[in-house]
Structures are given as C-alpha cells and as structure tokens.
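Colleague: Got a predicted structure here, sequence first:
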Amino acid sequence: MVLGVALLLLCFAFSLSQTVIKAHEGAVRSIDVEGKLLVTAGDDGFIKVWNIKNMKQILKIRSHRGKVLSVAINRRGFIVSAGDDGIIRVWRLPTGKLFKILKGHQEFVRTLTFSKYGRLMASADDLWDIIVWDAVSWKMIRKLTGHVGWIYALAFSPKEDLLASASKDNTVRLWDLNKGTVKVLEGHTDFVYAVAFSPKGSLLVSAGNDQRIIVWRVRDGKLLYRFKAHDGSVYALDYSPDGTFVASGGYDRKVKLWSTSDWRLVGVFTGHRGMITSLKFSDDSSLLISGDTEGYIRIWRLK
C-alpha cells in the first residue's frame, strides 16, 4: 500500500511539470537531443530545431519530399535526416543549410544515429542493410548484413566500438566494429522496435511488439531481465545519461519510467492522445521528451 501511494505521488508530481507543443502536422517520427538543442522530424517532411530550455523554435527545415522517418544531431553541429526517399541529407548548424547528400541505400531509410562523439553515423534500410559512415569525411566505412527483416533502430555503444540493431526478424544484433563480428541476441518473440545502451555500455535494453523490455549484458549477450512493460507494442526506449532510469513508450499512449537499480516501475505519464513514437532524455537527465502520432511532443521535467 505504501509503495502504491509513493508511486502515485511520484507520477502526479512529474505530470504536473510538463510542456506540450504541437510540433508537426502528422506523426512525430523521430527526436534527438544534443546539449541545448532538440531536433524533431515528422510526416510533414519538416525538421525542426528547438531550444530545449525554453522550447522556442530556432529552425524549420523542409528536408524531404515525403515523410522524415529519422533524424539525429551531433555535437559537431550536424543534423542528418532520412526518409522514404532512400536518401540521407546532412544539414549544417546554425544555418540549417544542406551540406551533403549521402547515397548508398536503395530503400526507405527507417533509422539513423550518431555515435557519442559524433565521429560515426549509422543508417539502416528496408532491404536489411546497415551502413556505417565516417561523419567527418562523410564516406561509407562498411556495410553490415545479416538481418532478415526491416531494421527499426540503431544505437552506438558509448565507446563507439559496438553498434546495436533492432529488427523485424525478432532479433537484436550486436556488431563489433573493430573485430568485424556479430552476436545475435534472441529473446523477443515479435518485432523489435527499440534499443539503447546504458551510459557505461555494460547493459543494452531492447523492446518491441511483444510488449516486453529485455535487459542484456553486453559482455556476453546474456539475457538478464525480461518483463512486460506496456499493454501493446513498445515503440520507443531511452536510457537516461545519469544511468538512473529507462523510459519507454508505445501503443498504449503511456510514457513509463523504470528504475535501473531493480527494474521497477517508478512513473507513468499520461496525456498523449496518440501512440508514443520516440523518446529522449536531455543530456543532464532533467528532462524527458516524448513524441506521438498526433504530432505533439511533451517535455516532462523530472528534476
């Protein structure tokens, strides 16, 4: 009873402190954070850059002819975007001008991400190919193959030596970029939509259509925990930079916060009218930003 009351109070306190913004016409497909900047992308074909402290819009970039399926920002002042045209575009901050076009995929590019220090970028398409790019020269480094289904999410380890991928083939793959080897992590019973590394890189979390979150030990790929997280598919995950929480969201329109010390639920945030498509903590872990299929983002103030 005491735990239930404490959980209710925690959720209530968090829910009181939030900002709601209509960011896009159509679904918000992707969000990313770097320092003081938040970048969002959606079905309306636009990329928007926001000041994360006051949520003022800084830039609005008409980026792709169709939907923007993924966007990422790095500390070197670049934004990359991808969509249903199969092309990756690189944008330069602070102007938002097109810097480069990257061609290498032959199908929808559903996900892309930068490494922690922005030196590498990875992208994946619906032909099951992953490309790792040098984000300084913007040249292709290598192509990774092995999945037998669409790839929904990518994440670099903090040391930039590993790349995790989540796929429609029900697996998570852990690619060693130095050794050229791969571990296939099997534990999900349906599509895997999201992956995220812990800040120290020792753990990896994944989630998907089976409504479960799985916690993996990176060293040997061992499954440590598996638990039901949502009523319906889990589309988004993020690990807080301070290592304290994992956030999840999905079909049930709820954002949930899990303590990484014991993997207990410590917060449930409601208010989204659409399915949760994306989640990201701020660099100092004080904010959690969530996006939905109705075009809204919500900024939850945790501290």
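Modeller: Structure received.

Colleague: and residue 290, that one's in a helix?
Modeller: No. With DSSP: H, G, I helix; E, B strand; the rest coil as the criterion, residue 290 is strand rather than part of a helix.

Colleague: That one contacts residue 271, correct?
Modeller: No. Look at residue 290 against residue 271 with CB atoms under 8 Å: they stay out of range, at 9.3 Å. Heads up, the C-betas are built off the backbone N, CA and C, glycines and all.

Colleague: shared neighbours of those two, anything?
Modeller: residue 298 (CB atoms under 8 Å, 6 or more residues apart in numbering).

Colleague: These two: which is more packed in?
Modeller: Taking other CB atoms under 10 Å, residue 290 and residue 271 do not tie; residue 290 has more neighbours (27 against 15).

Colleague: what about that one, distance to residue 66?
Modeller: To residue 66, residue 290 is 24 Å away according to CB to CB, to the nearest Å.

Colleague: Check residue 28 too.
Modeller: Applying CB to CB, the value for residue 28 to residue 66 is 15 Å.

Colleague: ok, those two, which is more surrounded?
Modeller: In this view residue 28 and residue 66 are compared by other CB under 10 Å, and residue 28 has more residues nearby, 29 against 11.

Colleague: quick one, what contacts the closest residue to the more buried one other than its chain neighbours?
Modeller: Nearest non-adjacent residue to residue 28, counting by CB to CB, 6 or more residues apart in numbering: residue 291, 3.2 Å away. Contacts of residue 291 were listed using CB under 8 Å, 6+ apart, and they are 23, 27-31, 40, 42, 276-279, 297.

Colleague: how does it look with 7 Å?
Modeller: Contacts for residue 291 (CB atoms under 7 Å, 6 or more residues apart in numbering) come out as 28, 31, 40, 277-278, 297.

Colleague: Also residue 175?
Modeller: Under the criterion of CB under 7 Å, 6+ apart, the contact list for residue 175 reads 144, 162-163, 165, 182.

Colleague: Is it possible to get a markdown table of these that adds distance to residue 211?
Modeller: As requested, those are exported to a markdown table (distance: CB to CB, whole Å):
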| residue | distance to residue 211 |
| --- | --- |
| 144 | 28 |
| 162 | 26 |
| 163 | 25 |
| 165 | 20 |
| 182 | 26 |
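
Colleague: got CSV for these, with secondary structure and pLDDT too?
Modeller: Shown next, in CSV, are those (DSSP: H, G, I helix; E, B strand; the rest coil; pLDDT from 0 to 100):
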residue, secondary structure, pLDDT
144, strand, 97
162, strand, 98
163, strand, 98
165, strand, 98
182, strand, 97
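
Colleague: Between which two of these is the distance greatest?
Modeller: Largest separation among those by CB to CB: 144 and 162, giving 11.8 Å.

Colleague: Where does the prediction get shaky in the protein?
Modeller: Low-confidence segments of the chain (pLDDT under 70): 1-17.

Colleague: And the contacts of stretch 41-55?
Modeller: 19, 21, 23-30, 33, 36-40, 56-68, 71, 79, 81, 282, 287, 295, 299.

Colleague: go again using 6 Å as the cut-off
Modeller: 19, 24-30, 36-40, 57-61, 63-64, 67-68, 71, 81 (CB atoms under 6 Å, 6 or more residues apart in numbering).

Colleague: ok, now stretch 202-213?
Modeller: Identification of contacts with stretch 202-213 by CB under 6 Å, 6+ apart yields 164, 166, 172, 188-197, 214-216, 218, 226, 228-230, 233-234, 237, 246, 248.

Colleague: Check stretch 264-278 too.
Modeller: For stretch 264-278, the surrounding residues in contact (CB under 6 Å, 6+ apart) are 10-11, 14-15, 27-31, 235-236, 249-251, 253-259, 290-294, 300.

Colleague: does residue 195 belong to a helix or a strand, and which?
Modeller: Taking DSSP states H and E as the criterion, residue 195 maps to strand 192-197.

Colleague: Tell me which strands that strand pairs with, and in which orientation.
Modeller: Sheet partners assigned to strand 192-197 using DSSP bridges are listed as strand 203-208 (antiparallel).

Colleague: what about residue 272, which SS state?
Modeller: Per three-state DSSP, residue 272 ends up coil.

Colleague: Of the contacts of residue 291, which is the most crowded?
Modeller: Ranked by the number of neighbours (other CB under 10 Å), the contacts of residue 291 place residue 28 first, at 29 neighbours.

Colleague: Quick check: phi and psi at that one.
Modeller: Residue 28 adopts backbone torsions of phi -80, psi 120, taken as degrees, to the nearest 10.

Colleague: who touches it in this structure?
Modeller: Residue 28 neighbours (CB under 6 Å, 6+ apart): 40, 42, 277, 291, 295, 297.

Colleague: Verify the contact between residue 69 and residue 63 for me.
Modeller: No. Taking CB atoms under 6 Å as the definition, residue 69 is not a contact partner of residue 63, at 10.9 Å.
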